[in-house]
Structure formats: structure tokens, C-alpha cells
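Trainee: Sequence and predicted structure are below.
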Amino acid sequence: MSELNLTEYVSKDKIEPAPVQVLEYSDSPTQSKPFLNSTKFIRLLANSDCFLSFGPDPEAGINCTLLVGGETEVFGVIPGHKLSVVQA
């Protein structure tokens, strides 16, 4: 099974991150827990290629943002929203 590590941050300069969510994903979309009220950015690292979607009730699919496995990306997010991930 593929895994995505999601770390929440208050700012890009914040050294101490909030707890990490580890999402297991496959060919069916998986959602994260809602981002904390203080979260402004998330850092993502997946062990395989995947598609991402953000929102109050997102569903990732082939027309969504591609995250290449092994690459770290940082995204600005809206507190309380979620991430959806699915295998590419």
C-alpha cells in the first residue's frame, strides 16, 4: 500500500510542526482529517505518484494535482479543509 505523509505548519518559517498524518492510499480516494485551525501550510511526501485535491469534502482523481513519489511539496491550505489522495 502507498503512503502519504502530511505535516501541518502555522507558517513556512515554523520549525516545530503539528502532528503528522500518514494516509494510506490506493486506487480509491482517501481523505485526511480536517486541517487544524492554525494550519496555513502543509508539507507532503508520498512514496508513489498520486493525485491530490483540497477542499471541505475533496475527491482526488486523474484531473487533479499530480504529486510525484519521493518529491516533497509544500502547499498553502485553508484551515478546516481536507486533502484527498488517490494512486496515479
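Mentor: Structure's in. What do you need?
Trainee: Give me the phi and psi for Val85.
Mentor: phi -140, psi 140 (degrees, to the nearest 10).
Trainee: beta partners for the residue lying closest to it once chain neighbours are set aside?
Mentor: With C-beta to C-beta, 6 or more residues apart in numbering as the criterion, Val85 has its nearest non-adjacent residue at 4.6 Å, and that residue is Tyr25. Using the backbone N, CA and C atoms, a C-beta is placed for each residue, glycine as well. For Tyr25, the beta-bridge partners are Ser2 (DSSP bridges).
Trainee: and Ser38, how many residues sit next to it?
Mentor: By other C-beta atoms under 10 Å, 12 other residues sit near Ser38.
Trainee: Show the pLDDT at the residue nearest to Val85.
Mentor: pLDDT for Tyr25: 97.
Trainee: I'd say it and Ser2 touch.
Mentor: Yes - Tyr25 is within contact range of Ser2, at 5.3 Å (criterion: C-beta atoms under 8 Å).
Trainee: wait, what's in contact with the residue nearest to Val85?
Mentor: Applying C-beta atoms under 8 Å, 6 or more residues apart in numbering, we find Tyr25 in contact with Met1, Ser2, Glu3, Leu4, Cys50, Val85, Val86, Gln87.
Trainee: Output the residues you listed as TSV; include the columns pLDDT.
Mentor: Formatted as TSV, these follow (pLDDT from 0 to 100):
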residue	pLDDT
Met1	84
Ser2	96
Glu3	97
Leu4	97
Cys50	98
Val85	98
Val86	98
Gln87	98
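Trainee: filter these to the buried ones?
Mentor: Neighbour-count burial (16 or more other C-beta atoms under 10 Å) is assigned, among those, to Ser2, Leu4, Cys50, Val85, Val86, Gln87.
Trainee: now, among the residues you listed, which is nearest to Pro34?
Mentor: Nearest to Pro34, judged by C-beta to C-beta, of those is Val85 at 14.9 Å.
Trainee: For the closest one, give me its contacts.
Mentor: Leu4, Leu23, Tyr25, Pro29, Thr30, Ser32, Ala46, Cys50, Phe51, Leu52, Ala60, Leu67.
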